[in-house]
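S.K.: Fold the following for me, if possible:
(chains A, B and C)
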Amino acid sequence: MLINFMPKEFNFFDLFDKQVEYAVTAAKYFKELVAKGAIDDASLQKMRDIEHDADDAAHSIIANLNKTFITPFDREDIHTLAKEVDDIPDMINTIVSRLHIYKIKGVDTKLVEFAAVIEQSTVAVACAVNGMRNSKHAKKVTDCCVEINRLENVGDAMRDAALAELFENEKDPIEVIKRKEIYQDAETVLDVCEDIAHMVESILVKQA
Amino acid sequence: MLINFMPKEFNFFDLFDKQVEYAVTAAKYFKELVAKGAIDDASLQKMRDIEHDADDAAHSIIANLNKTFITPFDREDIHTLAKEVDDIPDMINTIVSRLHIYKIKGVDTKLVEFAAVIEQSTVAVACAVNGMRNSKHAKKVTDCCVEINRLENVGDAMRDAALAELFENEKDPIEVIKRKEIYQDAETVLDVCEDIAHMVESILVKQA
Amino acid sequence: MLINFMPKEFNFFDLFDKQVEYAVTAAKYFKELVAKGAIDDASLQKMRDIEHDADDAAHSIIANLNKTFITPFDREDIHTLAKEVDDIPDMINTIVSRLHIYKIKGVDTKLVEFAAVIEQSTVAVACAVNGMRNSKHAKKVTDCCVEINRLENVGDAMRDAALAELFENEKDPIEVIKRKEIYQDAETVLDVCEDIAHMVESILVKQA
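M.R.: Residues are numbered from 1 along each chain as shown, chains lettered A, B, ... in the order given. So this is what the prediction gives:
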């Protein structure tokens, strides 16, 4: 008789799937917002709600981790992965909040480009995390991780070009302060995705 | 016969109590300094001394950790907690040092408000850490952690309001650069306190 | 019969020696570049190549770690050390990239001073890491770690002085934004070296 050591409510793969879903929701909503070009109070609140739901999903993983003896992979890795996935909606929410506080008006085409890459990378993160539950998906997971790494390089180049243009053309220092921080934050989301790809790859290698 | 595996000089709870005491001292002195509104050389040195004592307390925990087989809770958690508690005086010292280097004169009412919340949060951190040694204090520890989380949210709102006002009213970009960094640093102290609350809660759950 | 559990290609000490060598190469090239005072496309590419080689060395350590049961010291510590050593060329590359993007021309004497200290500290990091393989070198390792800590304090004072002078004399806010970030980055390299020294010391104590 096989005993199911992990009751359904403690299934870490289900919890991670839910968590990355919130990350994708945050990325998609971010793309929508920067295309509109101004953050009103309702949009700000909706983004905070998504971030809050994502936060609950992360806490749920960590709470279950502390109560469970048997985990599908290394405890430390579960903890790190949950925290890293949580950094995606967290950082996106920070950017939206800054756009609001800094009263940035109008569509910033650089940010529109960043939002598209962030969405792609977050979808690839969901692919990688979803695939962890079954070793038959190893090839697909690896492909998604390669894609995440590629998008991080794309993001680096986009940030460098955006900053070079900003310092070249923008003469208002206050505007430089605001946009510089936001472009660097946008690139940070892609760094976070890359950290997750490294974590997922490392978990797969240990289980092989 | 019961053998005391942990000699008095290696009592981690005593060491943590001492460490959080330095964090509270740093927070109280910070509140005093920002109320006066200018950092002279003597104040700068006194803050550095507090930070240095706190640093020694952190090193003492880590040194004992490396020499001891038996620890009251998870080794990794002791290491992380010691580093996180050390971040409080470290970050406060950084802010004081910046106020001095940037030659910020006059009382900044935003910073006075931040200092009050930082003091409250640091006192709550001390309460949470002090309570770890006895499971009878679990309820009190949890209450302190809830309070730390609440104060982090208060700090977020304070930083957002301070930055919005700064960008609205301050026309000197150099002044914007200075104050923006200091408000963001002040909020970081509250983030550090929240990390500690999460760590303490996680330690308690594992021991339950 | 003694069995060699660690085949030559998995010798972590060799891999770490190679990794710190790249860190030293990055530091030396950085010193050369800032003495010339302008980053052309070829220099930028060469620095990226060094950073890329260093990155490969870090990945090689982590990949071997995931495949190996027997490690010369704590698995978590190997992982952390590899990541921390990788932060040296990574941060140096970031600075060089910023000098290029921000189109900073001319020799910045503050940066020349920083580069000299960064080189000294990185050489001391190599000394500490090289010495880990043999307990007979414990005294030398400790001396190098003390030197790294000393240089971190030197760097703190250099950054504070550089920022104080920048805010005192530079009236162009855009220039302040650029140089402030670069001086703070330069000091961060020395913080990274100090983290490595703490890690090496902690590994040695555990093995004693």
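
S.K.: since we're on residue A:139, how many residues are nearby?
M.R.: 9 (other CB atoms under 10 Å in any protein chain shown). (Glycine included, C-beta is placed from N, CA and C.)

S.K.: Regarding it, which helix or strand does it belong to?
M.R.: Taking DSSP states H and E as the definition, residue A:139 sits inside helix A:138-169.

S.K.: Grab the nearest non-local neighbour of the residue nearest in space to the middle of chain A.
M.R.: Here the mean C-alpha position of chain A is nearest to the C-alpha of residue A:88 (CA atoms, centre = their mean), at a distance of 2.7 Å. Leaving aside its sequence neighbours, residue A:88 sits nearest to residue A:23 (CB to CB, 6 or more residues apart in numbering or on different chains; 4.1 Å).

S.K.: wait, isn't the one you found in contact with residue A:124?
M.R.: No: here residue A:23 lies out of contact with residue A:124, judged by CB atoms under 8 Å, at a distance of 11.0 Å.

S.K.: And these two? Which one has more around it.
M.R.: More crowded of residue A:23 and residue A:124, by other CB under 10 Å: residue A:23, with 30 against 22.

S.K.: What separation do you get for the more buried one and residue A:29?
M.R.: In this structure, residue A:23 and residue A:29 are 11 Å apart, going by CB to CB, to the nearest Å.

S.K.: cool, and residue A:183?
M.R.: On the measure of CB to CB, residue A:183 and residue A:29 end up 20 Å apart.

S.K.: repeat for residue A:130
M.R.: Distance from residue A:130 to residue A:29, by CB to CB: 20 Å.

S.K.: Looking at those two now, which is surrounded by more residues?
M.R.: The neighbour count for residue A:130 versus residue A:29, taken as other CB under 10 Å, is higher for residue A:29 (21 against 18).

S.K.: per-residue confidence for that one?
M.R.: Per-residue confidence at residue A:29 stands at 98 (pLDDT).

S.K.: What of residue A:131?
M.R.: pLDDT at residue A:131 comes out at 95.

S.K.: Going along the chain, name the helices of chain A.
M.R.: A:12-36, A:41-67, A:75-101, A:109-131, A:138-169, A:173-207 (DSSP state H).

S.K.: Nearest to residue B:151 among these would be which one?
M.R.: The closest of the helices of chain A to residue B:151 is helix A:41-67. By CB to CB, the value is 17.0 Å.

S.K.: average pLDDT for that closest one?
M.R.: The average pLDDT within helix A:41-67 is 93.

S.K.: next one: stretch A:143-150
M.R.: 96.

S.K.: buried stuff in it?
M.R.: For stretch A:143-150, the neighbour count (16 or more other CB atoms under 10 Å in any protein chain shown) marks A:144-145, A:147-149 as buried.

S.K.: how about it, does it reach chain C?
M.R.: No: in terms of CB under 8 Å from any CB of the partner chain, no part of stretch A:143-150 sits within range of chain C; the closest distance is 11.1 Å.

S.K.: Ok, stretch A:70-79 next?
M.R.: Yes: applying CB under 8 Å from any CB, one finds stretch A:70-79 touching chain C at residue A:76.

S.K.: what about stretch A:117-124, average pLDDT?
M.R.: In this model, stretch A:117-124 carries a mean pLDDT of 98.

S.K.: Please report how far residue A:141 lies from chain C.
M.R.: Remark: distance between residue A:141 and chain C (CB to the nearest CB, to the nearest Å) = 15 Å.

S.K.: quick one: that residue and residue A:125 touch, right?
M.R.: No: in this structure, residue A:141 is not within contact of residue A:125 by CB under 8 Å, at 10.8 Å.

S.K.: out of these two, which sits in the more crowded spot?
M.R.: Shown here are residue A:141 and residue A:125; by other CB under 10 Å, residue A:125 has more neighbours (28 against 22).

S.K.: Next one: the closest residue in space to residue A:201 that isn't next to it in sequence from residue B:166, what distance?
M.R.: In space, and not counting its chain neighbours, residue A:201 is closest to residue A:145: 5.3 Å by CB to CB, 6+ apart. Residue A:145 sits 41 Å away from residue B:166, going by CB to CB.

S.K.: what do you get for residue A:130?
M.R.: Taken as CB to CB, the span from residue A:130 to residue B:166 is 43 Å.
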